[in-house]
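[1] here is the input, now give the coordinates:
(2 chains)
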Amino acid sequence: DVKVTQSSRYLVKRTGEKVFLECVQDMDHENMFWYRQDPGLGLRLIYFSYDVKMKEKGDIPEGYSVSREKKERFSLILESASTNQTSMYLCASTTEVRGRGTEAFFGQGTRLTVV
Amino acid sequence: GNSVTQMEGPVTLSEEAFLTINCTYTATGYPSLFWYVQYPGEGLQLLLKATKADDKGSNKGFEATYRKETTSFHLEKGSVQVSDSAVYFCALSLISNFGNEKLTFGTGTRLTIIP
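    Purely as a prediction, here's the structure:
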């Protein structure tokens, strides 16, 4: 059974803290993504990575960075957490494109509250 | 840019009712189209997809047809069940400059089925 695992289901952090969200996939997928999910806004892409040590900005990268040192692990970093980063964070992975319509596999999400 | 517009929720239906959730898209190029579903407390999972015009995706009694002329991919089910209560996301994907497929999501439609 394919799996994308996020390290925490719920996190509460203080404003200004450095926050790490971890994601691990066991499918040997090349591509990994971080989204945030907010009511009325759907899923918005923060960063993605198509290879180890490679990263690209998504639609809303400000205030975030990422790290991909190993193929199976993709970390999202909030350098200095702020209350407007309170959200549900979803990690996803896909295999290298062989055709169209590649399925994305998602983790269960991390609900982050910044107080 | 690329975007997906889907029916505002929430939608509440009685069991065995007919369901339609509208989805239209704007894309620069020829996208693949998806419906993802998010059950309470879980990440997203693929419900169905279509990769070319006039293709019909189907799964678990749900169907959607890729209509290029109306740029639409409406989700339908003939008889809904309580277990279909979830949030439904319409999405499109296009090949990015990095060779992977990049997903763009709609805002999601929360569906509640009452017995």
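[2] all contacts plus neighbour counts: C-alpha atoms, from now on.
    Fine.
[3] ok, and the closest non-adjacent residue to the residue minimising distance to the centre of chain A?
    Centroid-nearest residue in chain A, with C-alpha atoms, centre = their mean: residue A:34, separated by 2.5 Å. Counting by C-alpha to C-alpha, 6 or more residues apart in numbering or on different chains, residue A:91 is the residue found nearest to residue A:34 once chain neighbours are left out, at 4.7 Å.
[4] number of nearby residues for the one you found?
    Other residues near residue A:91 number 31, with proximity taken as other C-alpha atoms under 10 Å in any protein chain shown.
[5] then the strand or helix carrying it to CSV, C-alphas only?
    In this assignment (DSSP states H and E), residue A:91 forms part of strand A:87-94. The C-alpha trace of strand A:87-94 is given here as CSV (Å, rounded to 0.1, in the frame of the first residue of the first chain):
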residue,chain,number,x,y,z
SER,A,87,-3.5,26.4,8.2
MET,A,88,-3.7,22.8,7.1
TYR,A,89,-0.5,21.7,5.3
LEU,A,90,-0.6,18.8,2.8
CYS,A,91,2.3,16.9,1.3
ALA,A,92,2.0,15.0,-1.9
SER,A,93,4.1,13.0,-4.3
THR,A,94,4.0,11.8,-7.9
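[6] contact partners of that strand?
    Contact with strand A:87-94 is made by A:4, A:6, A:23, A:25, A:29-38, A:102-113, B:43, as judged by C-alpha atoms under 8 Å, 6 or more residues apart in numbering or on different chains.
[7] what's the first helix or strand after the one helix or strand in chain B whose mean pLDDT sits lowest?
    None of the helices or strands of chain B scores lower by mean pLDDT, DSSP states H and E than strand B:101-105, at a mean of 87. The element immediately downstream of strand B:101-105 (helix or strand, assigned by DSSP H and E) is strand B:109-114.
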